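1. Here's a sequence, model it:
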Amino acid sequence: MSYRTALAEVLSTVVGPAAAPVGAESRFPRASVTALGRAGLLGLTVSTEFGGAGGGLPEAAEVVARTARLCPATAAVLQSHYAAVAVVESHGGAWIRGEIAAGRHLVSLALAEDGPGPRGLPGEFWAARSTAVRTGDVVALRARKHQVVAAGEADSYIWSSRPLTASEGLTLWAVPAHAPDLYVPARPDGAGPGGSATSTVVADPVLVPADVMLGQDGAGLDIVLRTVVPWMLELRAAAGAETIGPAGSDVLLRAAPQQAADSLAAS
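-> Residues are numbered from 1 along each chain as shown. This is a model prediction of the structure:
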């Protein structure tokens, strides 16, 4: 079955009928996400080597666009998921890629922060105040991430912090949602479409294995600018501005320094 056929079936039987209560009651579209996973659509952009469909950004944008016509909340969840999966595809391990491909794993972005970052820059995503301290094979992450789509609902988050040892940049981590001391203090926070569970996620601190680092220490900023931002731009355009939460590409680009434009131009 093609992904278009699978999507049409899920939209007509699950996403469409659930859209009204999801929006009216700000209820997370769990049934829709589960159905999309079972239909292979959460794993649409995972390589076939790991059981995914091997699709790319055009296919993801089509899924988001068609979903957004029926359920903005589900579309917002898919936008964050597909952008996060793009990072996992390039830098993640075999287990998480296989779980996403099997439809059992929802990923979301946890990049935005409040307050000033290093060098006096606004603390959006490139100047994280989040700390990461390594002791042996364990890393303690401490942060308060804002505007996280599917907060408390995703299975893992693509999380940014200051580097462990590098002098500048960011480091990215695949943080399991079930990690002890990772919590959502209040949900929703009024951001994003109703039902998208867009809220704050807090680590105070959370302990993760050092091997959940994505890419090299300090290389996270380049990954965000070259991968996350382009994916979110395209997915946001596909969905329509009204469906995207503030964790989307408009915030990323509005807040980005000059190297964002330089990196995108070079990609």
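2. make it CA atoms for all contacts and neighbour counts henceforth
-> Fine.
3. In stretch 60-80, which residues are buried?
-> Burial within stretch 60-80, assessed by neighbour count using 16 or more other C-alpha atoms under 10 Å, is assigned to 60-68, 70-80.
4. what does stretch 33-52 give?
-> Buried-residue list, stretch 33-52, by 16+ other C-alpha under 10 Å: 33-47, 50-52.
5. The stretch 101-250 of the chain: helices as residue ranges?
-> 220-223, 229-239, 249-255 (DSSP state H, counting those that start in this stretch).
6. Comparing those, which yields the minimum mean pLDDT?
-> The minimum mean pLDDT among the helices of the stretch 101-250 of the chain belongs to helix 249-255 (a mean of 47).
7. For this structure, which segments count as strands?
-> Ranges of strands within the chain are 107-110, 131-135, 138-148, 156-161, 171-176, 182-183, 199-209, 213-214, based on DSSP state E.
8. Can you list phi and psi of the residue nearest to Gly40 when sequence neighbours are not counted for me?
-> Of all residues not flanking Gly40 in the chain, Gly103 sits nearest, at 6.0 Å (C-alpha to C-alpha, 6 or more residues apart in numbering). Backbone dihedrals for Gly103, given as degrees, to the nearest 10, come out at phi 80, psi 10.
9. List the residues that contact Gly103.
-> Contact analysis of Gly103 by C-alpha atoms under 8 Å, 6 or more residues apart in numbering lists Thr34, Leu36, Gly37, Arg38, Ala39, Gly40, Leu41, Leu42, Gly43.
10. switch to 7 Å and redo it
-> Listed by C-alpha atoms under 7 Å, 6 or more residues apart in numbering, the contact set of Gly103 reads Gly37, Arg38, Gly40, Leu42, Gly43.
11. And the fourth one, what's its pLDDT?
-> Note on Leu42: pLDDT of 98.
12. does it really touch Val33, like I thought?
-> No - here Leu42 lies out of contact with Val33, judged by C-alpha atoms under 7 Å, at a distance of 8.1 Å.
13. Residues contacting whichever helix in the chain runs longest, please?
-> Looking across the chain with DSSP state H, the single longest helix is helix 72-91. Helix 72-91 has contacts (C-alpha under 7 Å, 6+ apart) with 29, 46, 60, 64, 67-68, 97, 106-109, 149-150, 158, 193-196, 214-215, 227-228, 231-232, 235, 239, 243-245.
14. Would you list the phi and psi of Gly218?
-> Torsion angles, degrees, to the nearest 10, at Gly218: phi 90, psi -10.
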